[in-house]
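Student: got a structure for you, letters missing:
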């Protein structure tokens, strides 16, 4: 029986740091939870110019005990840190909470926790935290020229939805599309009231 090389040796043709296509797709994960924890750490550690987070809550980030210190240190060395959290009162947040089947106010309560967590960064030069009221089609985590995008799926929580590791390419690709989206939300957001 003749088997395909990729079936026999999955990933053998792939070099971990290569971009798999001209659009900038490095790796696709079936769920956000399948993204290796060390990848998040490696991307954050490697970022020197920009870290951008676009979420409603991003509670899994708060489970990293040294995240605030790491972001603070990056900011003091000149990196721009921008965090976009959901606006707890927005109709989009309330609807997302209902759509996930967790109650109308659950995501709003989680946003309160996220605002409190990231609130200690308020006033730190090079760090800004804003709240947005947009429909969040994707969560976006930018680390310089790398990005993890978590497309949302109706009726599923974000950890259950897929994730894509993207890298900026020489031509306009997926990275640029999501970076433009981040910028559009950033411009429409307001300073956090945490």
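Tutor: Cool, got the structure. The shown structure was predicted, so the numbers you read here are calculated from the model rather than taken from an experiment. Residues are numbered from 1 along each chain as shown.
Student: in the protein, what spans have low per-residue confidence?
Tutor: In the predicted model, the chain carries pLDDT under 70 at residues 1-21, 193-194.
Student: show me the strands in it, by range?
Tutor: 25-29, 50-54, 80-86, 127-132, 138-143, 146-151, 163-167, 190-191 (DSSP state E).
Student: can I get those in JSON lines including distance to residue 179?
Tutor: (C-beta placed from N, C-alpha, C; glycine too.) Listed next are these as JSON lines, based on distance: least, C-beta to C-beta, whole Å:
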{"stretch": "strand 25-29", "distance to residue 179": "15"}
{"stretch": "strand 50-54", "distance to residue 179": "8"}
{"stretch": "strand 80-86", "distance to residue 179": "12"}
{"stretch": "strand 127-132", "distance to residue 179": "16"}
{"stretch": "strand 138-143", "distance to residue 179": "7"}
{"stretch": "strand 146-151", "distance to residue 179": "7"}
{"stretch": "strand 163-167", "distance to residue 179": "9"}
{"stretch": "strand 190-191", "distance to residue 179": "21"}
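Student: touching, residue 57 and residue 109? I think so.
Tutor: No: applying C-beta atoms under 8 Å, one finds residue 57 not in contact with residue 109, separated by 9.4 Å.
Student: could you dump the strands of the chain to TSV with distance to residue 105 and mean neighbour count?
Tutor: Formatted as TSV, these follow (distance: least, C-beta to C-beta, whole Å; neighbours: other C-beta atoms under 10 Å):
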stretch	distance to residue 105	mean neighbour count
strand 25-29	30	17
strand 50-54	22	22
strand 80-86	13	22
strand 127-132	16	21
strand 138-143	20	22
strand 146-151	23	21
strand 163-167	27	22
strand 190-191	21	10
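Student: ok, back up a step: who's more crowded, residue 57 and residue 109?
Tutor: Neighbours were counted for residue 57 and for residue 109 using other C-beta atoms under 10 Å; residue 57 has more, 26 against 13.
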